[in-house]
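Return a 3D structure for these sequence lines:
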Amino acid sequence: MARRRGRPAARVAAGIIVSRLLGFVRQAVFARFFGASPAAGAFLAALRIPNAIRNLLGEGTLSASFIPVYAGMLARGEDEDARRLSSAVVSLLIVVTVAAAGLGILLAPWITDAVAPGFSGSTRALTIALVRIMFPMSGLMIVSAWCLGVLNTHGRFFLSYAAPAFWNVVQIATLVTFGAWLFRLAGASLAHALAWGALAGAGVQLGVQLPSTLRLSGRFTWSPSLAVKGVRQVVHAWIPVVFGAGVNQISSIIDTVLASLLGAAAVATLNYAMLLYLLPLSIFGVSVAAASLPEMSRRAAVAEPEALRREIALGARRVVYFVVPSAFGLAALGTPIVAALYQRGAFHAYDTTVVAGVLAAFALGLLGQASVKLFASGFYALGDTKTPVRIAAFSVALSAALGAYLMQFFGAAGIALGSAIGGYVSVTLHIMDLQKRIGPLVGPEERRALLATLAGAVAASAAGMAVLRALGARNPWLLTALAGAAFALAYGGVTLLLGHPDARRIVQRERSTP
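Below you'll find the predicted structure:
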């Protein structure tokens, strides 16, 4: 079972890695042309709303409600009902997103003032224009989330998670074509061109998934109706999850609001750091939770609390093993990493220092943010979708209050620190509640694994920083590669020496691979 569960997790992780790596390329090219300028802040603030809607109404929320119903019909041999359900769900999504896009274009000035209240004058005007261009993008991405649900149900994991790579590719092409080759645009003009490129990229992202999705889901029938069998069940399951996702999206919007009060450059700085921070969060937090949820649901369905406890503890141990060194690595090696990715053109050495500081603050909270999805999935497996929402609402309010206070002393890094503290409060509350229901999640084995992980991360950080000191001021790509290699070797060696089960598992798997 662990092997079968690991394969989908590996495919999810592989797709995420492809899209995220191209996301880094996109952001590096973006930094080359925009740096931390007002135009950069305007574009990134305008992009926040479509991304928030996509995350709120699509991806994880739609999958959590649609996949169980759709997969259940297929498992019972109700293929025609499954086809009708699939058609009805996407039809309803198209109606809702078209209406929302029109409303978003109309309300763009008020949306801009809500997301970036610190913007004024030409920066505010540019942000409003960009919101109007990119708002329809959210609808295309929500339909892409429907594709993800169909593809994943039929065992096609890689394409659905790698498809966002095309969104990044189109934006990269737009920047190179309009900024460096064809028209050599800059500032607000290039921001407008990039907004149209982002909208086109969302269309390409959807287009590459549609052929496989339609082939698997069967003949499409336009039927935006709640009367189709299974639709009400999907909507009923979707609403609580949307509220939970909404709380998380509010958190990201609050971060942008707070950063805008520090100026457009702070919005850009926060986003540059967040892209790096989200890589391990997406790869390890999302993949482990996605692979663990089906098995947790089966254990909960047959009333096996001890088996459910073991599943959650196992998932948490694996998240910790990969996320803790990621956090240490981002904090210890942040400066050369940021310089290698961003420092060119309009992005200067000072910008690298500021972004690396914000990244270190984000890294402090990486473990909390990466593991909370797994623990929330434990509640979903138990049929409780309300408790994670209540906990998330409290932690978001706490993060916002702490971020508003700490940014007075640490700037954008203070916002990241507030988010880190709120994340750990959220995880603590999740664990305390789960332990009341299914028993202790942290036993002697988990404690030993945690100590080995921490020892390995500390040793790895020391090794990486020693390489940085020894090499001095060199090419940041060379520094990142050599220091990163020292970091990885030290972490793997120490955790293997201390007998961490995941370190041993990786070695055994490599030895068994022909």
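
neighbours around Arg504, how many?
12 (other C-beta atoms under 10 Å). C-beta here means a position set from N, CA and C on the backbone, and glycine is covered the same way.

what sits against it?
Counting by C-beta atoms under 8 Å, 6 or more residues apart in numbering, Arg504 touches Leu496.

With Gly492 as the reference, measure out to it.
Separation of Arg504 from Gly492 (C-beta to C-beta, to the nearest Å): 11 Å.

what does Leu214 give?
44 Å.

what does Met134 give?
For Met134, the distance to Gly492 - C-beta to C-beta - is 42 Å.

same deal with Pro440?
29 Å.

Let me see the contact set for Gln205.
Leu140, Met141, Ser144, Ala163, Pro164, Phe166, Trp167.

switch to 6 Å and redo it
Contact criterion C-beta atoms under 6 Å, 6 or more residues apart in numbering gives Ser144, Ala163, Pro164, Phe166, Trp167 as the residues in contact with Gln205.

Same question for Val355.
Thr269, Tyr272, Ala273, Val338.

Which residues does stretch 185-196 contact?
With C-beta under 6 Å, 6+ apart, stretch 185-196 has contacts from Ala39, Phe43, Leu126, Leu130, Ile133, Met134, Thr174, Phe178, Gly179.

Please name the nearest non-neighbouring residue to the most centrally placed residue in the chain.
Per C-alpha atoms, centre = their mean, the C-alpha nearest to the average position across the chain is that of Ser282, at 4.7 Å. In this structure, Ser282 finds its nearest non-sequential neighbour in Ile16, 5.0 Å apart by C-beta to C-beta, 6 or more residues apart in numbering.

count of neighbours near the one you found?
Neighbour number of Ile16 under other C-beta under 10 Å is 23.

Which element is encountered next along the chain beyond the helix or strand of the chain with the lowest mean pLDDT?
Each helix and strand of the chain was given a mean pLDDT (mean pLDDT, DSSP states H and E); the minimum falls on helix 287-301 at a mean of 63. Sequence-wise, the next helix or strand downstream of helix 287-301 (DSSP states H and E) is helix 305-332.

Give the buried residues for that following helix.
307-332 (16 or more other C-beta atoms under 10 Å).

what does stretch 78-91 give?
By neighbour count with 16+ other C-beta under 10 Å, stretch 78-91 contains the buried residues Asp81, Ala82, Arg83, Arg84, Leu85, Ser86, Ser87, Ala88, Val89, Val90, Ser91.

Same question for stretch 339-348.
Buried, per 16+ other C-beta under 10 Å, within stretch 339-348: Ala339, Ala340, Leu341, Tyr342, Gln343, Ala346, Phe347.

Give me the neighbour count for the residue lying closest to the fourth one once chain neighbours are set aside.
Pointing back at Tyr342 there. Nearest non-adjacent residue to Tyr342, counting by C-beta to C-beta, 6+ apart: Ala31, 4.1 Å away. Taking other C-beta under 10 Å as the criterion, the count of residues near Ala31 is 24.

Distance from the chain centre to the host helix or strand of Ala31, please.
Here Ala31 sits within helix 2-34, counting by DSSP H and E. Relative to the chain's own centre, helix 2-34 is displaced by 10 Å; criterion: C-alpha atoms, centre = their mean, to the nearest Å.

Name the helix or strand for Phe347, please.
Going by DSSP H and E, Phe347 is not part of any helix or strand.

my bad, Phe119
Counting by DSSP H and E, Phe119 is part of no helix or strand.

just how off-centre is stretch 225-233 within its chain?
30 Å.

picking that back up, can you tell me how far the residue nearest to the centre of the chain sits from Pro38?
Taking C-beta to C-beta, one finds Ser282 at 29 Å from Pro38.

Kindly report the domain assignment for this protein.
As given by automatic domain parsing, the domain ranges for the chain are 37-239, 262-514.

and the first one, how far apart are its ends?
Read it as domain 37-239. Using C-alpha to C-alpha, to the nearest Å, the end-to-end distance of domain 37-239 comes out at 39 Å.

Going along the chain, name the helices of the stretch 401-514 of the chain.
Assigned by DSSP state H, counting those that start in this stretch, the stretch 401-514 of the chain shows helices spanning 412-438, 444-471, 476-497, 501-512.

what's the answer for the stretch 51-200 of the chain, then?
Counting by DSSP H, counting those that start in this stretch, the helices of the stretch 51-200 of the chain are 59-75, 79-106, 108-115, 121-134, 137-153, 158-162, 164-175, 187-217.

Could you pull up the residues touching Ile172?
Arg26, Val29.

how near is it to Gly23?
To Gly23, Ile172 is 10 Å away according to C-beta to C-beta.

Quick one: end-to-end length of stretch 465-483, please.
Where stretch 465-483 begins and where it ends lie 7 Å apart, using C-alpha to C-alpha.

Any buried residues in that stretch, and which?
Neighbour-count burial for stretch 465-483 [16+ other C-beta under 10 Å]: Val467, Leu468, Pro476, Leu479, Thr480, Leu482, Ala483.

quick check, nearest of the residues you listed to Ile67?
Set against Ile67, the nearest of the buried residues of stretch 465-483 by C-beta to C-beta is Thr480 (38.2 Å).

thought that closest one was touching Ala339?
No. Applying C-beta atoms under 6 Å as the test, Thr480 and Ala339 come out as separate, 8.2 Å apart.

Please pick the buried ones from the contacts of Val355.
Thr269, Tyr272, Ala273, Val338.

I'd like these as CSV, with pLDDT appended.
Shown next, in CSV, are the buried ones among the contacts of Val355 (pLDDT from 0 to 100):
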residue, pLDDT
Thr269, 92
Tyr272, 91
Ala273, 93
Val338, 95
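
Which ones among these lie within helices?
Among the buried ones among the contacts of Val355, DSSP state H puts Thr269, Tyr272, Ala273, Val338 in helices.

If I follow the layout properly, the first one ends up in contact with Ile415?
No. In this structure, Thr269 is not within contact of Ile415 by C-beta under 6 Å, at 10.0 Å.

hmm, back to that, name the nearest of the buried residues of stretch 78-91 relative to Leu62.
For these, the nearest to Leu62 is Val89 (8.0 Å; C-beta to C-beta).

re earlier: out of the domains of the chain, which gets nearest to Ile253?
Here domain 37-239 is closest among the domains of the chain (C-beta to C-beta), at 6.0 Å.

re the thing from before, quick one: which of Met134 and Gly492 has more around it?
Neighbour count, other C-beta under 10 Å: between Met134 and Gly492, Met134 has more, with 25 against 17.

which ones are touching the more buried one?
Applying C-beta under 6 Å, 6+ apart to Met134 gives the contacts Ala46, Pro50, Ala195, Ala198, Leu199.

Show the buried residues in the residues you listed.
Buried, going by 16+ other C-beta under 10 Å: Ala46, Pro50, Ala195, Ala198, Leu199, out of those.

Quick check: closest non-adjacent residue to Gln209.
Cys147 (3.9 Å).

from what I can see that neighbour touches Thr213, true?
Yes. Contact criterion C-beta under 6 Å: Cys147 and Thr213 qualify, at 4.3 Å.

any chance of the contacts of Val355 in a markdown table, with distance to Leu359 too?
Below are those laid out as a markdown table (distance: C-beta to C-beta, whole Å):
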| residue | distance to Leu359 |
| --- | --- |
| Thr269 | 10 |
| Tyr272 | 8 |
| Ala273 | 4 |
| Val338 | 7 |
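
any idea which of those is the one closest to Ser287?
Distances from Ser287 to those, taken by C-beta to C-beta, are shortest for Ala273, at 22.2 Å.

confidence score at Gln69?
No, residue 69 isn't Gln; it's Val. On the pLDDT scale, Val69 is placed at 78.

measure it to Val389 for me?
Val69 is 21 Å from Val389, by C-beta to C-beta.

what do you get for Thr97?
23 Å.

Could you measure from the residue nearest to Val96 when sequence neighbours are not counted over to Ala452?
Spatially, and ignoring its direct neighbours in sequence, Val96 is nearest to Leu57 (7.6 Å; C-beta to C-beta, 6+ apart). Relative to Ala452, Leu57 is positioned 41 Å away (C-beta to C-beta).
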